[in-house]
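Chemist: what follows is a predicted protein model with its sequence.
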Amino acid sequence: MAAGVLTTALTLATALGTPVARADPPPGIGAPVPRDDHQAVDEGPQRWAPPLAGTTTGVEVAQGTARLSTTRDGTETGPAALRGAQRQGLLDLGAHQFATPVNHIEAPVEGDVPAGTEVTVDVRGQDADGQWTEWIPVAPGAPAILPEPTRTVAARLALLAPAGVPGPVVRSLEVLADQVPTDPRAITPRASHRVFATREGLVGGTTANGHRIVANDQFVALPSRRALSPKGRGDYSVRVCTDAGRCATVPVWDVGPWNTKDDYWNPPAQREQWKDLPQGRPQAQAAYEDKHNGGRDGFGRQVRNPAGIDLADGTFWGLGLRTNAFVTVDYLWTAKSAALGRAVTNGAGPVVERAGADVAAADSGVVGDGAQVEVQCQVAGSTVAGTQGTSNLWLRTRPDRYVPAAWIQGAPPLPPCA
């Protein structure tokens, strides 16, 4: 992006007296934002001018401006999984309920963007069941088109800069939303791909969503912000399975290790970058195996392994891995699920998935704290005490695999398992 000042509609909107909506607080986990069908409808695009306030990761807000932060000793910040390849900061702007459904989003920003740096507003929509779409970046001249119209839209500001380069500064932004005709949303099977997994480690580092990495942590990094969950949440979760059949269901809390715009689980036409590659093939794998992009990633680094996913230590060891290996990954947000729950352990470690509804049944995998997990039915078994109380109910997550209901929050009423 060329250096200069990004265009903004804020001054014009104020002069014309167009009402500007106020920011709403972020919605609860998995809960739809309450809807008000009596809001007044403005002519033209609906407007939301969120203040530069909210949860920050690698961003500092002072005197009405947002910029990339540094530590007291001047060290530059950036996602742990990227190993210093890029400075990245995020500012969560919360969610807003528009008067009528929208699917076409523009986000003019006022600020200074030095050459080689980038400012992007990521947006996502929430459906009637409380599930979020992927984050879709909005850049000047490149509006976001949500998969289907919705009244509830969340936004976050992303500031990006190479290491050692002064980052951009943002003074204000506005979200302009309306509805345009689109083809009906296609119903497709859930994305599931076999990719190479590496161990992230980096205990003590900070992930792209602001999580401080601890020993035996349970999360993964994917090479795209489109599936980055907010801190502590599992809006985007994956099920990672080894060839031996052991699985871990954990949230996506970091970005990397090689790229940041490689949502390879999406079809080529929808993919943000590397549209020449087939669905399911990470660019790092193509670079490593086929010398794609000259064997380099999006930052010009020589790719030294074909990683499409980075596993936190607890996930890596919990899968029984002892070295980097190919695994099968289900990207759980890419298809509708009949029922979802959320693992809540409050630091007590992962929920153990067992081969039967009994604490003595074989350990077949783990569900990380905060992860969204699919649940199919329920059955009575041994009694377990957890964060959700004491219960003898167990929830089936996949054929012949169960987790105690005492550790799962928000699961709807389920039928008995046949």
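Modeler: Ah, there it is. These numbers come from a predicted model, not from an experiment.
Chemist: residue ranges of the helices in this protein, please?
Modeler: 10-16, 283-290, 313-318 (DSSP state H).
Chemist: number of nearby residues for the residue nearest to residue 222 when sequence neighbours are not counted?
Modeler: In this structure, residue 222 finds its nearest non-sequential neighbour in residue 252, 5.4 Å apart by Cβ to Cβ, 6 or more residues apart in numbering. Where C-beta positions appear, they are placed from N, C-alpha and C, glycine not excepted. Using other Cβ atoms under 10 Å, residue 252 has 28 neighbouring residues.
Chemist: just to revisit the earlier point, flag whichever of the helices of the chain has the least confidence on average.
Modeler: Lowest mean pLDDT of those: helix 10-16, a mean of 27.
Chemist: count the residues that sit near residue 65.
Modeler: Using other Cβ under 10 Å, residue 65 is surrounded by 15 other residues.
Chemist: hmm, I was thinking of residue 94
Modeler: There are 18 residues near residue 94, going by other Cβ under 10 Å.
Chemist: going forward, count from 45.
Modeler: All set: I'll call the first residue 45, so the last point we hit is now residue 138.
Chemist: shaky segments in the stretch 145-294 of the chain?
Modeler: For the stretch 145-294 of the chain, the stretches flagged by pLDDT under 70 are 231.
Chemist: switch the cut-off to 80
Modeler: 184, 208, 228-232 (pLDDT under 80).
Chemist: how about the strands in it?
Modeler: For the stretch 145-294 of the chain, the strands defined by DSSP state E, counting those that start in this stretch cover 153-156, 162-170, 180-182, 188-205, 213-217, 219-222, 236-243, 264-266, 281-285, 291-299.
Chemist: strands paired with the fifth one, and their directions?
Modeler: By that I understand strand 213-217. Strand 213-217 pairs in its sheet with strand 109-112 (antiparallel), strand 153-156 (antiparallel), by DSSP bridges.
Chemist: now it: buried residues?
Modeler: If you call a residue buried by 16 or more other Cβ atoms under 10 Å, then strand 213-217 has these buried ones: 213, 214, 215, 216, 217.
Chemist: tell me how many other residues surround residue 205.
Modeler: Neighbourhood size, residue 205 [other Cβ under 10 Å]: 23.
Chemist: so who does it touch?
Modeler: Going by Cβ atoms under 8 Å, 6 or more residues apart in numbering, residue 205 touches 112, 130, 131, 158, 160, 161, 162, 211, 212.
Chemist: which two from those end up farthest apart in space?
Modeler: Greatest spacing in these, by Cβ to Cβ: 130 and 158 (14.4 Å).
Chemist: more neighbours: which of those two?
Modeler: A count of neighbours by other Cβ under 10 Å puts residue 130 above the other of residue 130 and residue 158, at 20 against 16.
Chemist: against residue 269, how distant is the more buried one?
Modeler: As for residue 130, its distance to residue 269 is 11 Å (criterion: Cβ to Cβ, to the nearest Å).
Chemist: and residue 351, by the same measure?
Modeler: For residue 351, the distance to residue 269 - Cβ to Cβ - is 17 Å.
Chemist: now do residue 155
Modeler: Note on residue 155: its distance to residue 269, by Cβ to Cβ, is 19 Å.
Chemist: what's the answer for residue 176, then?
Modeler: Distance from residue 176 to residue 269, counting by Cβ to Cβ: 14 Å.
Chemist: residues contacting residue 123?
Modeler: Applying Cβ under 8 Å, 6+ apart to residue 123 gives the contacts 130, 132, 250, 251, 252, 265, 298, 299, 300.
Chemist: now which of those would you call buried?
Modeler: Listed as buried from these are 130, 132, 250, 251, 252, 265, 298, 299, 300; burial here means 16+ other Cβ under 10 Å.
Chemist: closest to residue 360 out of the residues you listed?
Modeler: Closest approach to residue 360 among these (Cβ to Cβ): residue 265, at 11.7 Å.
Chemist: which residues does residue 431 contact?
Modeler: 388, 389, 390, 392, 450, 451, 453.
Chemist: any idea how far it is from residue 230?
Modeler: With distances taken as Cβ to Cβ, residue 431 is found 38 Å from residue 230.
Chemist: number of nearby residues for the residue nearest to residue 263 when sequence neighbours are not counted?
Modeler: Closest residue to residue 263 apart from its sequence neighbours, by Cβ to Cβ, 6+ apart: residue 297 at 3.9 Å. Per other Cβ under 10 Å, the neighbour tally for residue 297 reads 32.
Chemist: now do the strands in the stretch 295-444 of the chain.
Modeler: Taking DSSP E, counting those that start in this stretch as the test, the strands found in the stretch 295-444 of the chain are 351-355, 369-375, 384-387, 395-398, 407-411, 416-418, 421-430, 433-442.
Chemist: and the ones you listed: which comes nearest residue 143?
Modeler: Of all the strands of the stretch 295-444 of the chain, strand 384-387 sits nearest to residue 143, with 28.5 Å by Cβ to Cβ.
Chemist: so how far is the closest one off the chain centroid?
Modeler: 16 Å (Cα atoms, centre = their mean, to the nearest Å).
Chemist: neighbouring contacts of it?
Modeler: 73-74, 175, 278, 293, 394-395, 411-419, 439, 447, 451-455.
Chemist: wait, doesn't residue 329 sit right on residue 239?
Modeler: Yes. Using Cβ atoms under 8 Å, residue 329 makes contact with residue 239 at a distance of 7.0 Å.
Chemist: which residues do these two both contact?
Modeler: Counting by Cβ under 8 Å, 6+ apart, the common neighbours of residue 329 and residue 239 are 350, 351, 352.
Chemist: go through these and say which is closest to residue 181.
Modeler: residue 352 (20.4 Å).
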